[in-house]
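Undergrad: coords please:
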Amino acid sequence: MESGKNFKENNLRVIQNYFGSNTPEKLHIDNITYDGDDHLITYTEIDIPGDSLLEQMDYMEESMDNIRLQLLGDDPTNCSDLIVPPKDPRAVAGYIIMETMGYPPFSGSNTLAAGYSLLQNGFVEQKDGKHSFYIECAAGLSEITYESINGEIKMISITGQDVYLAHDGLELTICGKQVKVPVVYSGGFYLMIPSKEIPTELKQENYDEFIKIGKKSVDDARALYYPKHLTVGDVGPIPFANFMEDKQEAGHYVGATFVYPDCICYCPTGTGSSAHTLMRYVAGEVKVGDRVEVQSPIGSTMYIDILGADKLEDRPRLQVRINGLPTPKEVGIQAIA
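TA: Numbering: from 1, shown residues only. Reported below is the predicted structural model:
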């Protein structure tokens, strides 16, 4: 499949054959999970104004947010990706990402899940061996590479979004201490908080405490700093924080992604792991060519390959590949409320 020229035909075929539906205007939901974080990959026939996916994303936030609220429900760990026609002819499909914090322009776990869904439902033909295709989000193209053996997907990898150090450090008060907290862009802007600055241990049973710390830190950071992406432009205020632990004896790093205002993800997330990797690169702990293993406090893992490094307006920047394996959960159909 070479491009999105056949998007409408492929989208309708998936709705009819995979979901068994004759109502393409409804929301057809392919639930792909990543270690407890549900990604609702959603197919429908819908018209969204905008000349780019970024404009369409902004329009949805301003005028069609009912879809996000309906899909996510009351579970803050849910995410959704609305499959839409791509604008770039190299992409087979576009996707608009929706999370509890709003509309991030890029997300690693959402991109992995969207790519998996497109393969498992036949939108993209799955072949044995290693193959690649492109999908497009508001931040641009992402290349999906998958490896399939005897019809079973063994691994999905994505590239396409650079990671850079946006700010050397905001002076924030965290747990009563002044802490210099860097800001990294990796598909969204992240506060990078060393967990050693927090007296509570970074474990799942302590998530409520870390959610409170994350919300206060993001609120305080927003009062000081409104970042703009150096090439994309305005992508909104800081929505994320990553709590970073030092390297463990097993050779991996532990990181937990906080999503504003009230969620810590079960998986380490692709963007959080990428931001974590950049900080380890800046510290001189890893180099180009390394694979960095980042694990969430519950043991879910992603692998970040450092493909290259350079500068973006004198800011350290990495080109990375995110590796992981989502799994299918269930499907459903909803009318748009």
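Undergrad: so what's Lys196 up against?
TA: For Lys196, the contact set (Cβ atoms under 8 Å, 6 or more residues apart in numbering) comprises 245-246. Heads up, the C-betas are built off the backbone N, CA and C, glycines and all.
Undergrad: and it, which of the three is it?
TA: Classification of Lys196 by DSSP: H, G, I helix; E, B strand; the rest coil places it in helix.
Undergrad: ranges for the strands of the stretch 101-250 of the chain?
TA: Assigned by DSSP state E, counting those that start in this stretch, the strands in the stretch 101-250 of the chain fall at 129-137, 140-149, 152-159, 163-174, 177-185, 189-194, 240-244.
Undergrad: helices or strands up against the third one?
TA: This means strand 152-159. Where contact means 3 or more Cβ pairs under 8 Å, 6 or more residues apart in numbering; DSSP states H and E, strand 152-159 is packed against helix 108-120, strand 140-149, strand 315-324.
Undergrad: the last one too?
TA: For strand 240-244, the packing partners by 3+ Cβ pairs under 8 Å, 6+ apart come out as strand 189-194, helix 207-224, strand 253-259, helix 270-282.
Undergrad: just the mean pLDDT for it, thanks.
TA: For strand 240-244, the mean per-residue pLDDT is 97.
Undergrad: and the host helix or strand of Leu307, which residues are buried?
TA: Following DSSP states H and E, one finds Leu307 within strand 301-312. Using 16 or more other Cβ atoms under 10 Å as the test for burial, strand 301-312 gives 301-306, 312.
Undergrad: on that earlier part again, between the helices and strands packed on strand 152-159, which gets nearest to Gly176?
TA: Among the helices and strands packed on strand 152-159, strand 315-324 comes nearest to Gly176, with 30.3 Å by Cβ to Cβ.
Undergrad: and Glu197, how many neighbours?
TA: 17 (other Cβ atoms under 10 Å).
Undergrad: pull up the per-residue confidence for the closest residue in space to it that isn't next to it in sequence.
TA: Computed as Cβ to Cβ, 6 or more residues apart in numbering, the closest residue to Glu197 that is not its neighbour in sequence is Val179, at 5.1 Å. For Val179, the model assigns a pLDDT of 97.
Undergrad: again, but for Gly187
TA: Taking Gly187 on its own, its pLDDT is 87.
Undergrad: what distance do you get for it to Tyr164?
TA: Using Cβ to Cβ, to the nearest Å, one obtains 11 Å as the distance from Gly187 to Tyr164.
Undergrad: neighbour count winner among these two?
TA: The neighbour comparison of Gly187 against Tyr164 (other Cβ under 10 Å) goes to Gly187, with 31 against 20.
Undergrad: how about the contacts made by the more buried one?
TA: With Cβ under 8 Å, 6+ apart, Gly187 has these contacts: 104-108, 139, 161, 270-271, 274.
Undergrad: show me what counts as buried in stretch 6-23.
TA: 7, 10-11, 14-15, 18-19, 21.
Undergrad: which intervals of this protein have sub-threshold pLDDT?
TA: Along the chain, segments meeting pLDDT under 70 span 1-4, 160.
Undergrad: outline the domain layout of it.
TA: The chain breaks down by automatic domain parsing into domains covering 4-159+326-334, 163-324.
Undergrad: gap between the residue positioned nearest the centre of the chain and Gln161?
TA: Centroid check for the chain by Cα atoms, centre = their mean gives Ser107 as the closest residue, at 1.6 Å. Distance from Ser107 to Gln161, counting by Cβ to Cβ: 9 Å.
Undergrad: common neighbours of these two, please.
TA: 187, 271.
Undergrad: out of the helices and strands packed on strand 152-159, which is the most enclosed?
TA: Per residue and on average, the most neighbours among the helices and strands packed on strand 152-159 fall to helix 108-120, with a mean of 28 (mean count of other Cβ atoms under 10 Å).
Undergrad: got the angle for that one vs helix 270-282?
TA: 130 degrees (axes from the mean of the first three to the mean of the last three Cα atoms, to 10 degrees).
Undergrad: what's in contact with stretch 161-174?
TA: Residues outside stretch 161-174 that contact it (Cβ under 8 Å, 6+ apart) are 106, 139-140, 142, 178-187, 189, 191, 193, 197-198, 213, 217, 220-221, 224-225, 227, 230, 271, 274-275, 277-278, 282, 312, 315-320.
Undergrad: ChimeraX command for the buried members of those residues?
TA: Buried residues among those (16+ other Cβ under 10 Å), as a ChimeraX selection:
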select :106,139,140,142,179,181,182,183,184,185,186,187,189,191,193,197,198,213,217,220,221,227,271,274,275,277,278,282,312,316,317,318,319,320
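Undergrad: for the residue nearest to Thr301 when sequence neighbours are not counted, which residues are in contact?
TA: Spatially, and ignoring its direct neighbours in sequence, Thr301 is nearest to Gln295 (4.8 Å; Cβ to Cβ, 6+ apart). Applying Cβ under 8 Å, 6+ apart, we find Gln295 in contact with 248, 252-255, 268, 301.
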